[in-house]
Every structure is written in structure tokens, then in C-alpha cells.
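Trainee: Output the structure for:
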Amino acid sequence: MSTSVRAYIGCILTAGAAAGGIALYSWSCPAPARFAVYLGLVALASLVRLGLPQITGTFSLNSAFLVVGITTFTLPEMVVTACLAALLQQVVRARRPPTVIQALFNVANEAVSVAVCAWVFARLLNAGLPVLPMLALVAAVYFVINTVIVSGVLSMLQGVALAEVCRQWYVWSFPCYLLGVALLGVLWIGGAPDSAESWLIVAPLAYLLHFFAGLAIGRGSDRAAAPEGEREIPRAAKLYIGAVTAAAITVLAVALSDFRPHEPALFLGCVGLAAIASTWKVRLPGMTSNISVNFVITLFAVAAMELPEALLIGAAGAIVQTVWGARGRPRSIQVAFNASCFVLGVAIAHLFCRTLGAMDPGRSLAVQLGVATLLLYTVNTALVTTVLALIERKSVLDTWRNCYFWSFPYYLAGATAAGLMVAVNRSFGWMPALFILPLMGLLYVSYGQHVKMSTVAVSTN
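Mentor: Numbers count the residues shown, from 1 in each chain. Reported below is the predicted structural model:
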């Protein structure tokens with residue numbers, strides 16, 4: 001170990017010891033029972049460790065709980081919790097026991113990260129800033145400090161550029177922080193922690209577990225997708241496309257017969273946002289189809305707007321997604337079919353959501369979005385994979401499984417972002433809800449990197 005590495009580790013250990021000393025000296029625990037429950041949850045989350053492809057480290061779910069705790073508990077409580085979480089993550093069920101220096105370094109890293117975030121949150125709270133930006137900033141600060149500290153020592157030990165190490169950790173760990181911001185916002189705006197909105201935590205957890213479990217069993221495909229427009233469409237596929245398109249046209253005609261936008265500015269803004277988001281596309285490995293961020297705007301429209309408006313927003317996004325940046329000039333039949341899939345998915349999701357609302361006006365945001373996401377995802381993927389199976393003369397189930405693996409995490413993440421948009425719109429109006437756009441952009445960048453590096457990781461196994 002070089003002198004520079006020893007000096008770096010010494011600085012982190014000193015800072016961690018200072019944070020721990022201050023916490024113990026000023027110890028306070030206003031709600032012992034509540035803190036004990038929280039401490040138990042963090043301990044359980046620390047036992048769930050996920051391997052990170054292409055690097056030797058592991059990732060724990062306790063980070064999401066730590067970020068939540070920073071906004072709720074005192075600095076001494078959080079420093080103690082962070083140290084305990086770091087120890088449990090390293091020691092329990094470890095393949096190889098860490099050295100004393102490794103254990104102390106990771107404990108100090110967590111103590112420093114949490115202490116800085118708690119200080120930042122306290123300063124922002126005293127300044128009277130809005131809650132949502134405060135939570136977003138706290139999550140970002142935690143991510144940056146924690147990742148940079150770990151990447152710094154790895155860079156020095158491995159002789160790799162710091163930027164490269166940070167990039168590797170960013171690709172695999174950032175979605176948790178990204179979704180944690182949305183989760184914190186929905187929980188804070190939605191009400192008490194024991195409300196139904198709290199179940200939105202399932203989305204980020206399922207997102208991570210799905211992706212890492214899929215990589216562990218070698219899912220994915222490295223087949224090259226043929227350029228759009230080069231395949232001959234069989235007769236059966238043409239008949240199927242015609243039936244789907246006719247059904248969508250019928251739904252549109254009936255819905256638009258009474259089209260009167262209640263908020264024209266909101267409607268036009270969402271159409272524009274859906275068009276812009278449709279240009280942020282990620283191609284699914286082994287398939288000719290792709291997905292974009294526009295479904296987040298579509299989900300928002302389903303939950304917050306009338307059926308005609310939601311249909312037009314979904315159709316506009318689908319058309320732009322099909323035409324923009326296509327490998328080859330898409331056929332008119334492709335454009336019509338993709339728009340029809342979105343129209344039918346939006347219509348069914350909107351119908352069920354409004355039915356639930358009529359049966360129980362107090363139905364929670366989490367339930368409505370959960371139903372809308374499930375229906376929109378199921379209808380869209382089922383229609384698309386069926387036509388792909390007919391064109392490629394392959395099993396519908398096998399085609400859907402591949403599409404499901406790559407697209408389901410995206411819908412989970414998008415549902416959380418859409419929930420945050422709806423919650424902000426209900427509390428503060430639609431203009432502040434537009435500030436979720438950077439979250440959508442980060443979702444697109446992060447997922448694109450996931451698909452790219454996941455394909456590489458699977459193909460090299």
C-alpha cells in the first residue's frame with residue numbers, strides 16, 4: 001500500500017472518527033421506540049447485498065433507508081445507524097472477512113456521508129426551502145460523497161482513473177438513488193409513512209432485484225436486431241395489425257367526439273413533453289422495438305387528465321418515438337400500429353382507473369398508478385410482442401419474456417416518476433410538476449447504460 005493511499009485512508013478515518021465522536025457526545029433520541037424500529041429495518045436491509053457486474057464491490061439496499069432517515073432522525077442517531085449498517089453489510093454472510101482497515105474505512109465513509117447530508121438538510125430546513133428540492137439535494141449529496149470516497153481509494157489501489165471508477169459505480173448504483181428521490185417526494189407529499197403511498201418503495205426495490213437477479217441467471221440476448229423496415233410482413237401479421245389499428249381508430253373516434261380540454265395549457269404542454277421524451281429511446285437487445293421515457297407523461301395523463309387528452313398524448317408520443325431516429329424509414333403501417341398500441345393501452349388503463357375512483361373516491365395514488373402501470377405495460381407489450389412473433393415466426397411467449405426482462409424495470413422506475421408528478425400536481429399545480437423532467441432524463445441515461453453494460457456482462461459470462 002503506497003504512502004498516498006495510506007494518507008487518503010487516514011484522512012477518511014479521521015473524518016469518520018470526528019463524526020462519530022460528535023454524535024456520541026451530543027447523543028439524543030427523542031423517540032426511542034420509533035428509532036428502534038427504524039434501526040431494525042436498516043439492519044435487515046444491510047443483509048441484502050447485490051453483486052455489481054464488472055467490479056468487485058457489492059451494493060446494499062440500506063442506502064435508501066439511510067437517505068429516508070436523514071430527513072427524520074437526529075444527527076447522532078443517523079451516524080450510529082450508518083456505522084451499524086456498514087458493519088453488518090461487510091461482516092454478515094461475507095465471502096471473505098474484511099480486514100480491519102477495510103471495515104474501518106467503510107464505516108468512516110458512511111459516517112462522513114450521513115453527517116454531511118444531515119448538516120445539509122438542517123441548513124436547507126432552516127432556510128425554509130420547499131421539501132421536494134431539499135430531499136432531492138440530500139439524496140444527490142449522499143450519492144456523490146459516498147461514491148467519490150469509495151471510488152477514490154479504488155482508483156489509487158487499482159491504478160485506474162477516478163472518472164472511470166466513478167462511472168462504473170454510477171451505472172450500477174445510481175438507479176437506487178434516482179428512484180429514492182422520487183420515493184422520498186411521494187412519501188413526503190403523500191402523507192404519513194404508514195399510508196398506502198409507502199408501498200411505492202416496492203418499485204425501486206423490485207427494479208434493482210429484477211435487474212441483478214436477471215443478470216445472475218444469465219438472462220438477456222446478444223442477437224443483433226434487424227433494421228426497421230427490412231423484414232417482409234406476413235399475411236397473418238398484416239391482418240393482426242389491421243385489427244389492432246381498427247380497434248384503436250374506433251376508440252379514438254368515440255373519445256374525441258366530446259373533446260374539450262379542461263386545461264388547454266396543461267394539455268399542450270404534455271403533448272410537447274411527450275414528443276420530447278419520445279426522442280429519448282433505448283433499443284431493447286435482440287429486438288427491433290424500443291422504449292422511451294414518454295410513457296411517464298402518458299401515465300401522468302392517465303391519472304390526472306380526461307380520456308381524450310390522455311389518448312392524444314399517448315398517440316403523439318408513440319408516433320414521434322417510431323419516426324424519430326429510426327434506423328430506416330419506418331413504414332406507415334408501423335407508425336399506425338405503434339400509435340394504436342398506445343391508444344388501446346391508455347384507454348384500458350384510464351377506464352379501470354376511473355372505475356376504481358368511482359367505486360372508492362378515496363382510492364390512493366399508489367393503487368391507481370399501480371393499476372394504470374400494470375395495464376399499460378401488459379397491453380402494450382402483449383400487442384407488440386404478438387406482432388413481432390408473427391413477423392419473426394417465433395413463440396409469442398419467448399418473445400414476450402425477452403421484452404419483459406428489459407422493459408419491466410423501466411416501467412417500474414417510470415411509475416415512481418409519474419407518481420411524483422401526480423403528487424406534485426395535486427399539491428402545487430402542474431407547473432411545479434414539470435421539474436420532474438430532469439428525473440426523467442436521468443432515468444433515460446441510467447437505463448441506457450444499464451442495457452448497454454448488462455448486455456456486455458451477460459455475453460461475457
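
Trainee: for the record, mean pLDDT for the host helix or strand of Pro308?
Mentor: In the assignment (DSSP states H and E), Pro308 maps to helix 307-323. Averaging pLDDT along helix 307-323 gives 90.

Trainee: do the same with stretch 429-445
Mentor: For stretch 429-445, the mean per-residue pLDDT is 66.

Trainee: Arg393: how many residues sit nearby?
Mentor: 9 (other Cβ atoms under 10 Å). Quick note: C-beta positions are derived from backbone N, CA and C, even for glycine.

Trainee: Touching, it and Ala236? I think so.
Mentor: No. The criterion here is Cβ atoms under 8 Å, and Arg393 misses it with Ala236 at 9.4 Å.

Trainee: Tell me how far Ala349 lies from Val379.
Mentor: Distance from Ala349 to Val379, counting by Cβ to Cβ, to the nearest Å: 8 Å.

Trainee: When these two are compared, which one has more neighbours?
Mentor: Using other Cβ under 10 Å as the criterion, Ala349 and Val379 rank with Ala349 on top: 29 against 19.

Trainee: Leaving out the residues flanking it, which one is nearest to Gln368?
Mentor: Spatial nearest neighbour of Gln368, excluding adjacent residues (Cβ to Cβ, 6 or more residues apart in numbering): Cys353 at 5.1 Å.

Trainee: Confirm that neighbour sits in a strand?
Mentor: No. Counting by DSSP: H, G, I helix; E, B strand; the rest coil, Cys353 is not found in a strand; it is helix.

Trainee: That one and Val371 touch, don't they?
Mentor: Yes. Look at Cys353 against Val371 with Cβ under 8 Å: they come within range, at 6.0 Å.

Trainee: So which of the two has more stuff around it?
Mentor: Under the criterion of other Cβ under 10 Å, the comparison of Cys353 against Val371 puts Cys353 first, with 21 against 18.

Trainee: residues in contact with that one?
Mentor: Neighbour list for Cys353: 302-303, 368, 371-372 [criterion: Cβ atoms under 8 Å, 6 or more residues apart in numbering].

Trainee: tell me the pLDDT at the residue nearest to Gln368?
Mentor: pLDDT for Cys353: 81.

Trainee: Please convert the contacts of Cys353 to JSON lines, extending it with secondary structure and pLDDT.
Mentor: Listed next are the contacts of Cys353 as JSON lines, based on DSSP: H, G, I helix; E, B strand; the rest coil; pLDDT from 0 to 100:
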{"residue": "Val302", "secondary structure": "helix", "pLDDT": "87"}
{"residue": "Ala303", "secondary structure": "helix", "pLDDT": "82"}
{"residue": "Gln368", "secondary structure": "helix", "pLDDT": "73"}
{"residue": "Val371", "secondary structure": "helix", "pLDDT": "79"}
{"residue": "Ala372", "secondary structure": "helix", "pLDDT": "81"}
